[in-house]
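Peer 1: okay, structure incoming, though there's no sequence with it:
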Ligand code: SF4
Ligand code: SF4
């Protein structure tokens, strides 16, 4: 997994995408407080678009999806910490590199090939969630 950390730090023209937590996660919890979008949740915990964002009530996401920001959503994992792809901006707009990956002791926060987005799309998502940033 050291390979992925090297990609973050040394490849300028990498594709942008959300981050995913692999099943190598040891549930240490170090990543959760570092996320500027509150996109990381403990396994089995519900998540909400409104958590840690300026979103309230009915919203239409930049990807066209409609949602109630205050409604509790099903956990993506019941056993391991997980990242909500709709809330992860790869830390764009806040930090130079993904903070979860930077603190993870086992390097299990890796680029999510299932959710490839451009840097512009990630920044638009960040602005959508944080109106005053
Ligand atoms: Fe949160 Fe940044 Fe990790 Fe995405 S990359 S889950 S925004 S800390
Ligand atoms: Fe899992 Fe890494 Fe987060 Fe710890 S820092 S909970 S090992 S993803």
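Peer 2: That came through fine. None of the values given here were measured: they were computed from a predicted structure. Ligands and ions are numbered 1, 2, ... in the order given.
Peer 1: how much space separates residue 60 from residue 67?
Peer 2: 8 Å (Cβ to Cβ, to the nearest Å). (Glycine included, C-beta is placed from N, CA and C.)
Peer 1: comparing these two, which residue is more hemmed in?
Peer 2: residue 67 (17 against 10; other Cβ atoms under 10 Å).
Peer 1: ligand 1 contacts on the chain?
Peer 2: Listed as neighbours of ligand 1 in the chain under the rule Cβ under 6 Å from any ligand atom: 19, 34-37, 39-40, 83, 88-91, 98-100.
Peer 1: quick one: which of the residues you listed sit in helices?
Peer 2: Residues of those located in helices (DSSP state H): 99, 100.
Peer 1: of the residues of the chain next to ligand 1, closest to residue 48?
Peer 2: Nearest to residue 48 among those: residue 39, at 11.2 Å, using Cβ to Cβ.
Peer 1: gap between the closest one and residue 94?
Peer 2: Applying Cβ to Cβ, the value for residue 39 to residue 94 is 11 Å.
Peer 1: who has more neighbours out of those two?
Peer 2: Using other Cβ under 10 Å, the more surrounded residue of residue 39 and residue 94 is residue 39, with 26 against 14.
Peer 1: the nearest residue to residue 65 once chain neighbours are set aside: which element?
Peer 2: Nearest residue to residue 65, sequence neighbours excluded (Cβ to Cβ, 6 or more residues apart in numbering): residue 86, at 7.1 Å. Counting by DSSP states H and E, there is no helix or strand that carries residue 86.
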